[in-house]
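Q: build me a structure from this.
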Amino acid sequence: MNETTDPDPAAAARRITERREQLGLTEEFLAHRAAMAPRYLRHLLEAGPAFDPGGFVRIAAALGTSPDELLEGRADAPPGRGGPGLRPRLLHLAEAECWEAVGTQGVGRIGLPVRPGPVVHPVNYVVDLDSFAYRTGERAATAPEEGAEVSFQVDHIDECLGRGWSVLALGEAHYVDDPEELRRLDGLPGAAPWAGGYRPKWVRIRPAEISGRRLVTG
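A: A predicted model of the protein is given here:
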């Protein structure tokens, strides 16, 4: 923490409160972890970090972050460098939970069985009738053989909280050729290929197996 700065007490207090609520901690429990009375914690939040720099450092440690992040906001860091959250646990997702999760995202990874070994490509997709569908070109890298056995994976990570989920689907890839179905897919939100270019073909993957896991904390 730079001692020459004059931190804004309100901004620091807001970040402390946001981080505390993200971790699911009460104000009393945070005070206990920071080795101070709840009343003193509230006073420190009002007075600002300059009132008790040592106490502010203990609060940051209790929240699993750094004083600089509470003062200036979290800087972007390489993925996976944030460390685990508070008391992490890994839970299995039911099939309905898997579909609910992937419906909130728009980018997944298609795994194709090619030689000399499998390849994985990111694609933007839509969820349609318990299946994944995405657009590709005639000879694009994301174009599978008709009926190929593929994998499709979607995940979401909250780097700040150390939480997230991952869903993996296994099934056959088939090209959509019904004109009415093609028109309907074209009209779905997120249907336009992010990679651009001419990608007239739709690939549908109706999973024979879908599974997922969720990482929770607290």
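Q: C-alpha only now, for contacts and for neighbours.
A: OK.
Q: mind giving me the packing neighbours of the longest strand seen in the chain?
A: The residue-count maximum for a strand in the chain (DSSP state E) belongs to strand 201-216. When contacts are defined as 3 or more C-alpha pairs under 8 Å, 6 or more residues apart in numbering; DSSP states H and E, strand 201-216 packs onto strand 89-93, helix 95-102, strand 132-136, strand 163-175.
Q: can I get those in a markdown table with mean pLDDT and mean neighbour count?
A: As requested, those are arranged in a markdown table below (pLDDT from 0 to 100; neighbours: other C-alpha atoms under 10 Å):
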| stretch | mean pLDDT | mean neighbour count |
| --- | --- | --- |
| strand 89-93 | 89 | 14 |
| helix 95-102 | 95 | 17 |
| strand 132-136 | 96 | 24 |
| strand 163-175 | 94 | 19 |
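Q: my read: Arg163 touches Arg213, true?
A: No - Arg163 is beyond contact range of Arg213, at 11.0 Å (criterion: C-alpha atoms under 8 Å).
Q: so how far is Val167 from Arg199?
A: 26 Å (C-alpha to C-alpha, to the nearest Å).
Q: longest helix in the chain, please.
A: helix 9-22 (DSSP state H).
Q: which residues sit against the following helix or strand past that helix?
A: Counting by DSSP states H and E, the next helix or strand C-terminal to helix 9-22 is helix 27-33. Helix 27-33 is contacted from outside by Arg20, Ala37, Pro38, Leu41, Ile59, Ala62, Leu63, using C-alpha atoms under 8 Å, 6 or more residues apart in numbering.
Q: in PyMOL, how would I select the buried members of those residues?
A: Here is the PyMOL command that picks out the buried ones among these, judged by 16 or more other C-alpha atoms under 10 Å:
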select buried, resi 20+38+41+59+62+63
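Q: could I get the contacts of helix 27-33 as CSV with distance to Val126?
A: Converted to CSV, the contacts of helix 27-33 look like this (distance: C-alpha to C-alpha, whole Å):
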residue, distance to Val126
Arg20, 35
Ala37, 51
Pro38, 48
Leu41, 47
Ile59, 43
Ala62, 41
Leu63, 37
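Q: now the contacts of helix 27-33 in TSV, with distance to Pro49, pLDDT and secondary structure?
A: Shown next, in TSV, are the contacts of helix 27-33 (distance: C-alpha to C-alpha, whole Å; pLDDT from 0 to 100; DSSP: H, G, I helix; E, B strand; the rest coil):
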residue	distance to Pro49	pLDDT	secondary structure
Arg20	16	83	helix
Ala37	16	91	coil
Pro38	16	90	helix
Leu41	11	91	helix
Ile59	10	91	helix
Ala62	15	85	helix
Leu63	15	85	coil
